[in-house]
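*Asks:* Sequence first, predicted coordinates after that:
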Amino acid sequence: MDSALFPKGVQRCSMGKFFLGLSIAGAVLLWGVLGLFLCWIKGLNQTNMNDYYGFAIWIWADLAVIALGGGAFFTGLLRYIFGIDELKNIINFAVLIGFICYSSALLILAIDVGQPLRSWFIFWHANVHSMLTEVAFCLSCYFAVLTIEYIPLILENRQLDKVPFIHNLTHNMHHIMAVFAATGAFLSFFHQGSLGGVPGVLFGRPFAFREHILVWPYSFFLFTWSAAAYGPCFTLFITWITEKISGKQLVKDNVVQLLAKISGWMIITYIIAKIADTVYWAMVTAPSKGFALMDFYSNNALYGIWILFAEIVLCGVVPGLILISPKLRANPTTRLIAIILGVIGVSLNRWVLVLQVMAVPVMSFDTWALYYPSWQEVATTVLPVAYGVMMIMISYRYLPIFPQEVELNPIEPLPTETVTEIEVDKETAEEAMVSEGEPAPAQA
Amino acid sequence: MKIDRRSFLAFGVGGAAGTALSPLPWKLTDDSSIWSQRWPWVPIPVDGKIGYAQSTCMLCPGGCGITVRKIDDRPVKIEGQEGHPVNQGGICILGMAGLQFLYGPSRVKTPLKRTGKRGQGQWAQISWEAALNEVAEKLGTLRADGRPQGLACMTDTERGTIPALLKRFMTVYGSPNFIGPASAQDAQETAVRAMAGVDGTVGFDVEKADLILSFGSGLLDGWGSPVRMFQAYSNRQDRKTQIVQIDSRLSNTAAKSDRWISINPGTEGTLALGLAYHIIAKSFYNKVFVDNFSAGFDSFKQKVMADFSPAKVAEITGVPADIISELALQFATAHRPLAICGRGRGSAPGALSDTMAVLALNALVGSINSDGGVRFLPDPGYIFWPDPDLDPIALKGNEQSRLDGAGTGQFSHTRSLPNRFFEQFGSDQRNVPEIMLIADANPLYTLRDTKAVQAALDQIPFIVSFSSFMDETAQQADLILPNHTFLERYQDVPAPAGFTRPFIGLARPVVAPQYNTRHLGDVIIALAGQLKGTIIRAFGWDNYLACLKDTLDERWEGMIEKGFWMDDHFSSPSWDAMFTTGTGRFEFNGEKVASDPWTGAVAAEGDSSTFPLILVPYDSIRLAGGSIGNPPFMMKTVAATVLVKADVFVEINPETARKYQLNEGTPAMLTTPKGEGKVRIHLSEGIMPGLVAMPTGLGHTAFDDFLAGKGVNVNELVGPVEDAASGFDAAWGIRAKLAKA
Amino acid sequence: MFPFSFEWVWDMGHLVFHGGLWYALTILGIGMTYCIIKSIVDTVKADGSDSHH
Amino acid sequence: MKQAHGKTKKFGMVIDLDKCTGCGTCMVACMAENNVPFRKDETDKRLSITWMQVYKLTNGKSYPDAEICYLPRPCQHCEGHHSGHSPCVSVCPATATDYDSETGIVSQIYTRCFGCRYCMAACPYHARYFNWWDPVWPGDMEKYLSPNVSPRMRGVVEKCSFCFHRYQLAMEKAILEGRHELEEQEYQTSCTQACPAGAITFGDLNNPEHKVHQLAQPDPHHHGRPKNPKVFRLLERLHTNPKIYYFSSKEWVRRAGDNYVKDESKSDHHE
């Protein structure tokens, strides 16, 4: 029915099945939208946030999806700036995931503020010394970059591509994509970093505070680094899920392994730096403010030292080592375990630096503050997941996201189609000519 | 023009782009910030000229001067009145929140007549004329039936022109049943009547004492005139005054005192006599006073020596014998020692002997009418109205004995015994009054054994409340004739609790009445007018203001200006001139005290096998006591270790908690012989093991949603214990048990 | 965001921060403008060459 | 021009914890002065707006050696270690909270705040409160609202302002009278004025004639650290440089004002 919109040479599930999937995700999305509107109309009293938990699950989700979406800028950097050409086979998907993550992050921020109608004050009355201002500017600029990177993908839809102007625009955007990618990498470096700066500059919160290099706390650099390190894990993880659901291999193993290897080395270097940072913080920074390490991990029901171990060793050192080991990396099972641990690791890191920061008492006579989210918060946090699923479903169905899909999954043209497709064949040939030697991703 | 898909798309895209480039989105964005800054449901307070009005706070017996900041006609904040003799510009938490009473949702805005069943809260608004007619008609009928004593009246003070008008009304009507309050203040006055023969008020010279020994008095928890107490506390270092708090719980007062002596609850009087033992035994007492100006010392000495030996007192009170002797020495050797009594805020009178023991202790060291001592003040006499003519009905009615038995026979020193008043309903149906007027009192909340009070009220056929607020008792009324609040009316506020000089404060309206309310004084005069005859002839004033001016006479001008009248030249009479007992001396054992006062501590009700713990109510300054309840601002200050949602926390020692396997926050059922209540546990090292401390001032069922339904009224769990010597409610606690709920 | 808003200060912080911001925005703006204009030109050119057929 | 003219002020408080009785009058005085809203259930203290909050400290000993100390905590009006680098002001993305270098007061502009709550995360004293609900005044209570302080809308952060409107009113009056300087008593906060125990002293920490200066003896070479050994500031070690000083004669109370690694003696941290 909608097969005319499919990318060239691929097979897609039936319309009914597609809509069934969409409506399941859509139902979850609607639940999220309900929570969202309750928060907008009735206010943030719909959440379980309080004056101790001004930052809660949303901000964690925000930081986590931005870290996970870091695969987009880092893969882009590798592909366009460092010229690692194999990555062209996964960059589209990385861009899509990045786009989903960042649009979700912006949406969450729009719900999270108490006065969404004047949230633009963050731009208009910007306080340049605030890490959050840096986040807001770089985040929205980088979202613009991601949109610019995603637009050509949309325009490559078989039907849209027939319009000459669109075709040319796609071509031209691909042509200077390196410039956009470089700008994106620059912006990403700063907003990932400034997100790390958000807790790092809180000198009133010894659990979060880190020493500074120039105006930036160590956590600034660690955040950028960790996003670059773990982001690709998430790209690979979602790729794996998409492959499982579609039942097809979509990216060649060498590409996956290459990205996994890069991610592994990034994780290892990151985790060494993180360990150094943690040791310095535990031995020097925190004690200078009167806190011993275990003060942060005792006398409460949730935050034991296990969380530090889980973040650094289990979900840091372990996946790092797996991914740098050629043998373990080559094994799909261990690779997958490492990728999942990596995704958990970076999410845990963001959790600790948002929620545990709020939980730890600072005044000696204050108490731990634990909190659990309300359903409205859970719904609005799940909303981006449903939205992401739907975005991937639609994009996968209609756009040439995976350049290697046709090659990896050759199909016998159906007899009914061959009759009508003579014209199309001509187009394909043209396309193939245009695509040749292009720096942009395209059907092989 | 043919509209195909392409041109439609182009039109859409072009339109969107055009709109985006137009000023419209910018304008909308800009507007959004303006809307979000002034939503119509966020009020913008009206500006105006700043002005100030002065008055006297009537929210507690403290009698502080207040300055009300106004914007045009609108009071916006209450502050302490600078230079006022009682509070010297200070103010307490309750007074500070006073405007919330004025404007709050619990106000009774117009006369109300009950339409549903009692306590159902169904009311019809009626006119003042109809309301007054109805009361007058009922009063007329009762009187015509020759049973004027069937009218009872209850107030929360017996001082000033309003109680005097009510009392006068009762007298000319023909009923002796004017029931005032019975608080620690009344207990002190009763003890002074018995021991010194002085009918007046009792002042405590806390500013000049150099050692204050407080027998469980919550000097910082609302006792006396609270602001004055706070100031005496905070200035004490400048005066090198020591304050010793004797308390079974680390109250705020105990925490801020120089020394806290923990004691078994209810045994404060015993400790006082234990101290007396040492002072007498070591001859540390003031011989000039004792030898020349006292009587009954020998029998007192004999009694103390026999029954209050250090070992025995140590055992009863739990205070080690060496501390008792050390304390006695410290008290006897201080220059200006002062012993203070009245547990907590002093809302309950306690046993007369406890108060007498403390007064005797003061007398032993000569701290009577001396600087830094206890002062026996004559009532500030200014109400000199001619005796009214009584018609035969009134004469006959007044011959009947009071329902509470106060003032006669064994209780000859007491004025009113509200607890007895309600208790005796059950014994004889003929004792139940037919009409009850309730002004400013809220017995259904403030008296012990609330259930019994409710049962008693249920029997009264017609209840009229004059409350400004929908309090617990007003909810049970058949008719409410709302009085102005203290901020809307004139009234004299004599004799601030514990003040050391003759003093009359004046409340003046700082704002016009906000609702359709009427001054109680005017209502009394109007009712008298309807009843005619000798009754109206007893009220020779057109209205209350005329009465007040007439009564205050030459003091009026000065009071309007300053807000108070104080006898600046007052000096306490010397020891030889002050005692008006039969002997003309200070009677250590009291005069005409029917039973032996020195019988020792009052036991808590209940048996210790069923109820192994002891429940002690505690007062705190952040929870208003008495007939009113906490305004919303004060509720905000109540700690989360006292109240969470609707659950009140009781304080127990961690040791007690271990014994009953309770933890911080555990929901529990607290049971006493009088009832049970759902509570939660708060562990505190500031409370003696074996005790359960529960805050007073919670568990309201009336007023508004900001107060009602939160916690338990401790008076539901504690029953009165009648003091044989005075008839006062001597209960200080009750036996109890705790079980996990 | 702009020098005319009152919290603006001509200091290092503002120059670096807003310098970076406007630099990035300029690149994105110029890049996109270039793409769009070039695409229009390409399209028109292609149309022109098509018409010769 | 007089030397005193235009001299920067540093308004601050010294709170005598020996005198504070925990009565809570300061809390209500603040609410009444500043149009603070309230709700039916105020028992969840993490949702309850109390610009002035009184904490109850205990010495941790058993009955009957237990001791209690109350500690009133208004906004600490931190200066930080350089030019108003207070924890909250430095993080506000929209310049909705500012450090006034003339008075040392940390302001909050309600109409500028868009409710991101970063400042609340930054404040270790929990002095900042969010309006989770629209304010509602029941009955006719809107009538007691003061026009000097605007009621806050839902979704913004609020906190103690040292009754800044009182400073403005006092300055207006002074200027009308041709003065540029205020007398010590002309500008006092609502809580200072109300405290029945006289535990709060308020004034200009920079002015040696003011009582606060004499009590706290702020050391200008160490970011205002008190030279009086019985005076301390909350969380001195975090370098927030607050302007609320606390006096206590009790060592355990002074020690509760900061954090110490086990076995660390107090003198160690004086870097």
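*Replies:* In hand now; what should we look at? Numbers count the residues shown, from 1 in each chain, chains lettered A, B, ... in the order given.
*Asks:* show me where the stretch 101-250 of chain D has strands.
*Replies:* Here the stretch 101-250 of chain D has its strands, by DSSP state E, counting those that start in this stretch, at D:106-108, D:129-130, D:157-158, D:200-204, D:218-219, D:225-226, D:231-232, D:244-247.
*Asks:* Can you say which of those is nearest to residue A:43?
*Replies:* strand D:129-130 (10.2 Å; C-beta to C-beta). For the C-beta atoms, the positions are set from N, CA and C on the backbone; glycine is no exception.
*Asks:* now that closest one: how far from the chain's centre is it?
*Replies:* Put simply, strand D:129-130 sits 15 Å off its chain's centre (C-alpha atoms, centre = their mean, to the nearest Å).
*Asks:* tell me what that strand is packed against?
*Replies:* In terms of contacts (3 or more C-beta pairs under 8 Å, 6 or more residues apart in numbering or on different chains; DSSP states H and E), strand D:129-130 is packed against strand D:157-158.
*Asks:* Relative to the whole chain's centre, how far out is the strand it packs on?
*Replies:* Mean-position distance between strand D:157-158 and its chain equals 14 Å (C-alpha atoms, centre = their mean).
*Asks:* contacts for it?
*Replies:* The contact list for strand D:157-158 (C-beta atoms under 8 Å, 6 or more residues apart in numbering or on different chains) reads A:114, D:49, D:51, D:96-97, D:108, D:110, D:113, D:115, D:117, D:119-120, D:128-131, D:152.
*Asks:* ok, now with 6 Å
*Replies:* D:108, D:113, D:119, D:128-130, D:152 (C-beta atoms under 6 Å, 6 or more residues apart in numbering or on different chains).
*Asks:* Same question for stretch D:29-39.
*Replies:* Contacts for stretch D:29-39 (C-beta under 6 Å, 6+ apart): B:77, B:96, B:632-633, B:636, D:49, D:51-52, D:135, D:145-146, D:149, D:151, D:190-191, D:194.
*Asks:* List the buried residues for stretch B:526-533?
*Replies:* B:526-528, B:531 (16 or more other C-beta atoms under 10 Å in any protein chain shown).
*Asks:* same question for that stretch, mean pLDDT?
*Replies:* The pLDDT scores in stretch B:526-533 average 94.
*Asks:* remind me which residues of the chain are low pLDDT?
*Replies:* Let's take chain A. For chain A, applying pLDDT under 70 flags the ranges A:1, A:412-444.
*Asks:* Hmm, no, I was thinking of chain D.
*Replies:* For chain D (pLDDT under 70), the answer is D:1-6, D:265-271.
*Asks:* Quick check: which element contains whichever residue of it sits closest to chain C?
*Replies:* Residue nearest to chain C within chain D: residue D:95 (4.5 Å; C-beta to the nearest C-beta). Assigned by DSSP states H and E, residue D:95 falls within no helix or strand.
*Asks:* for whichever strand or helix holds residue A:38, which positions count as buried?
*Replies:* Assigning secondary structure by DSSP H and E places residue A:38 in helix A:15-42. Neighbour counts over helix A:15-42 (16+ other C-beta under 10 Å) mark A:18, A:21-22, A:25-26, A:28-29, A:31-33, A:35-36, A:38-39 as buried.
*Asks:* if we can go back for a sec, redo the buried residues of stretch B:526-533 as TSV? Include secondary structure and distance to chain C.
*Replies:* Converted to TSV, the buried residues of stretch B:526-533 look like this (DSSP: H, G, I helix; E, B strand; the rest coil; distance: C-beta to the nearest C-beta, whole Å):
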residue	secondary structure	distance to chain C
B:526	helix	64
B:527	helix	67
B:528	helix	69
B:531	helix	73
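*Asks:* Show me which pair in these is furthest apart.
*Replies:* B:526 and B:531 (10.0 Å).
*Asks:* Distance of residue A:236 relative to chain D?
*Replies:* 33 Å (C-beta to the nearest C-beta, to the nearest Å).
*Asks:* ok, the residue nearest the centre of chain C - contacts?
*Replies:* Residue closest to the mean C-alpha point of chain C, counted by C-alpha atoms, centre = their mean, is residue C:29 at 1.6 Å. Counting by C-beta under 6 Å, 6+ apart, residue C:29 makes contact with nothing.
*Asks:* repeat that with 10 Å
*Replies:* Contacts were defined as C-beta atoms under 10 Å, 6 or more residues apart in numbering or on different chains; by that measure residue C:29 touches A:144, C:22.
*Asks:* can you check the one 5 residues further on too?
*Replies:* Residues in contact with residue C:34 (C-beta under 10 Å, 6+ apart) are A:172-173, A:175-176, A:179.
*Asks:* Of those, keep whichever come out buried.
*Replies:* A:172-173, A:176, A:179.
*Asks:* Now secondary structure too, for the residues you listed, in TSV please.
*Replies:* Formatted as TSV, the buried ones among the contacts of residue C:34 follow (DSSP: H, G, I helix; E, B strand; the rest coil):
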residue	secondary structure
A:172	helix
A:173	helix
A:176	coil
A:179	helix
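*Asks:* and of those residues, the nearest to residue A:152?
*Replies:* residue A:173 (4.7 Å).
*Asks:* follow-up on the earlier one: of the buried ones among the contacts of residue C:34, which is the nearest to residue B:350?
*Replies:* residue A:179 (88.3 Å).
*Asks:* Look up the closest residue to that closest one, ignoring the ones flanking it.
*Replies:* Nearest residue to residue A:179 in three dimensions, chain neighbours excluded: residue C:31, at 5.5 Å (C-beta to C-beta, 6 or more residues apart in numbering or on different chains).
*Asks:* again with residue B:538
*Replies:* Per C-beta to C-beta, 6+ apart, closest to residue B:538 is residue B:388, 3.5 Å.
*Asks:* Same question for residue D:139.
*Replies:* residue B:105 (3.8 Å).
*Asks:* So which residues of the stretch 301-444 of chain A form helices?
*Replies:* A:306-309, A:318-324, A:326-330, A:332-351, A:357-359, A:375-398, A:405-408, A:415-420, A:422-435 (DSSP state H, counting those that start in this stretch).
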